[in-house]
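*Asks:* 3D model of this:
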Amino acid sequence: MRKYFMINCKKKDKDKVGKFLLSQRQDGALKCVDFGDQETQIFKADVDINTFDITILMTLIQHCCSSKGDSIWKKPPDDKDKSLLANLRRIQLYKETTLDCSPSNRVTNVEFDKQWYELTTTFTCIGVSAEDIEKYHKLRVERSVRGFEEESVEEIRNFQVLQAVVIDVGTVAMREYFLEVANRRKTKQSQVAKLEKKDVGQYLINMKSNFKVKLNLEQKKKMFTPNADIDTFDITIMYLIIRNCCSIPDSFWEDPQKLSNVVEIHRYRNTLAHYPNCRVSNKDFEIQWTKVRSMLHNAGAPFQDIDKYRALKFIN
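*Replies:* Numbers count the residues shown, from 1 in each chain. Predicted coordinates:
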């Protein structure tokens, strides 16, 4: 994606990217584009394009160097479209709709093989060598992998451990917090019936007008149906439900740390989702692990449920 952007914007020197983006922001293709809290990261003269994640890069490609019109950005590329841009878009959609929206950190062997085949096809089409692809496949089973320095393998596993514990333990903590708050409100309103997981779909349908944020089609399909399964809701969906359906409860003032840590789970997961690569040094891992461990425990997760994920670092 970086290479595509540089070539199509006719930029040979990465040091000039910052000035180019500033000019496009001032009175060019990026003038009206909303980058949210990533704005300050992007628009500075000495910006390092190597720190840009997939979302930033594809937004820049869409507005600065896309000749495909709006169609490729509004819906998935047609299967017959084998162009470089179409395959870059497929990678972006896979990251945003599959990886970022996973309700757990689990992939079965059958599903892994299916998704790996699809990704391999896409990466091959954009010119990635079979050898470069295969070395990532070997990370599943080998401690040392040809093509990676030992330190790099360790850093990748550090990232995976942080991601695993935040997605698995964090998502459960957010579900339990939502059900706790919803049922406390029912008690105060003298409603006898307890909100069970099986009733969450109807609950959300009744609360639909509370959602003032824009939801994508997949989120709506998951949430607003009578047989919705809360166990399939990812961190983003749980954050939206808590924010729009749970007015700040009295318990917040008794234990303000719990809600703030539930919110922090969402923020931290977004930080992981926007990493420009999947590496965390050993030093940074220890700092991040301490932070994540405290955050998840303060959100309601037992230490034993958290600490078992650290052992993933040492599995051969």
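*Asks:* Could you point out the longest helix of the chain?
*Replies:* Among the elements of type helix in the chain, defined by DSSP state H, the one spanning the most residues is helix 150-188.
*Asks:* Does anything pack onto it? Which helices or strands?
*Replies:* helix 235-245, helix 256-273, helix 282-298, helix 303-307 (3 or more Cβ pairs under 8 Å, 6 or more residues apart in numbering; DSSP states H and E). The way it works is simple: take the backbone N, C-alpha and C, and place the C-beta from them, glycine included.
*Asks:* how far is stretch 265-276 from where the chain is centred?
*Replies:* Using Cα atoms, centre = their mean, to the nearest Å, the distance from the centre of stretch 265-276 to the centre of the chain it belongs to is 6 Å.
*Asks:* Identify each buried residue in it, please.
*Replies:* By neighbour count with 16 or more other Cβ atoms under 10 Å, stretch 265-276 contains the buried residues 265-266, 268-269, 272-274.
*Asks:* wait, which of those residues is closest to residue 214?
*Replies:* residue 266 (16.7 Å; Cβ to Cβ).
*Asks:* how close does the closest one get to residue 230?
*Replies:* With distances taken as Cβ to Cβ, to the nearest Å, residue 266 is found 16 Å from residue 230.
*Asks:* ok, now residue 61?
*Replies:* Counting by Cβ to Cβ, the gap between residue 61 and residue 230 amounts to 36 Å.
*Asks:* Now residue 11. Its backbone dihedrals?
*Replies:* Note on residue 11: its backbone torsions stand at phi -110, psi 110 [degrees, to the nearest 10].
*Asks:* can you pull the contacts of it?
*Replies:* For residue 11, the set of contacting residues under the criterion of Cβ atoms under 8 Å, 6 or more residues apart in numbering consists of 5, 17, 20.
*Asks:* ok, of those residues, which one's closest to residue 95?
*Replies:* Here the nearest of those to residue 95, counting by Cβ to Cβ, is residue 5; it sits at 16.5 Å.
*Asks:* ok, the closest one touching residue 64?
*Replies:* Yes - at 7.2 Å, residue 5 and residue 64 qualify as touching, with contact defined as Cβ atoms under 8 Å.
*Asks:* what about those two, which has more around it?
*Replies:* residue 5 (20 against 17; other Cβ atoms under 10 Å).
*Asks:* residues contacting the more buried one?
*Replies:* Shown in contact with residue 5 (Cβ under 8 Å, 6+ apart): 11, 49, 57, 60-61, 64-65.
*Asks:* buried ones in the helix or strand where it lies?
*Replies:* Per DSSP states H and E, residue 5 falls inside helix 2-8. For helix 2-8, the buried set under the neighbour-count rule, 16+ other Cβ under 10 Å, comprises 4-6.
*Asks:* returning to that earlier point: by neighbours, which of the contacts of residue 5 wins?
*Replies:* Note: the member of the contacts of residue 5 with the most neighbours is residue 60, at 27 neighbours, neighbours being other Cβ under 10 Å.
*Asks:* any idea how far it is from residue 160?
*Replies:* For residue 60, the distance to residue 160 under the criterion Cβ to Cβ works out to 28 Å.
*Asks:* Now stretch 108-125: buried residues?
*Replies:* When neighbours are counted by 16+ other Cβ under 10 Å, the buried residues of stretch 108-125 are found to be 119-120, 122-123.
*Asks:* how about the helices in the stretch 1-150 of the chain?
*Replies:* Taking DSSP state H, counting those that start in this stretch, the helices of the stretch 1-150 of the chain run over residues 2-8, 17-27, 39-42, 54-64, 71-74, 84-94, 109-125, 130-137, 150-188.
*Asks:* Quick one: closest of the ones you listed to residue 261.
*Replies:* The nearest among the helices of the stretch 1-150 of the chain, by Cβ to Cβ, is helix 150-188 at 8.2 Å.
*Asks:* from the chain's centre, how far out does the closest one sit?
*Replies:* When C-alpha coordinates are averaged (Cα atoms, centre = their mean), helix 150-188 and its chain have centres 12 Å apart.
*Asks:* any residues touching the very next helix or strand once past that helix, and which ones?
*Replies:* Following the chain from helix 150-188 toward its C-terminal end, the next helix or strand by DSSP H and E is helix 200-206. Contacts of helix 200-206 with the rest of the structure, by Cβ under 8 Å, 6+ apart, involve 182, 195, 223-230, 241, 245.
*Asks:* just to revisit the earlier point, adding mean pLDDT and distance to residue 289, write the helices of the stretch 1-150 of the chain out as TSV.
*Replies:* What follows is the helices of the stretch 1-150 of the chain, written out as TSV (pLDDT from 0 to 100; distance: least, Cβ to Cβ, whole Å):
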stretch	mean pLDDT	distance to residue 289
helix 2-8	90	30
helix 17-27	92	33
helix 39-42	88	24
helix 54-64	90	25
helix 71-74	82	38
helix 84-94	90	28
helix 109-125	89	26
helix 130-137	84	24
helix 150-188	82	7
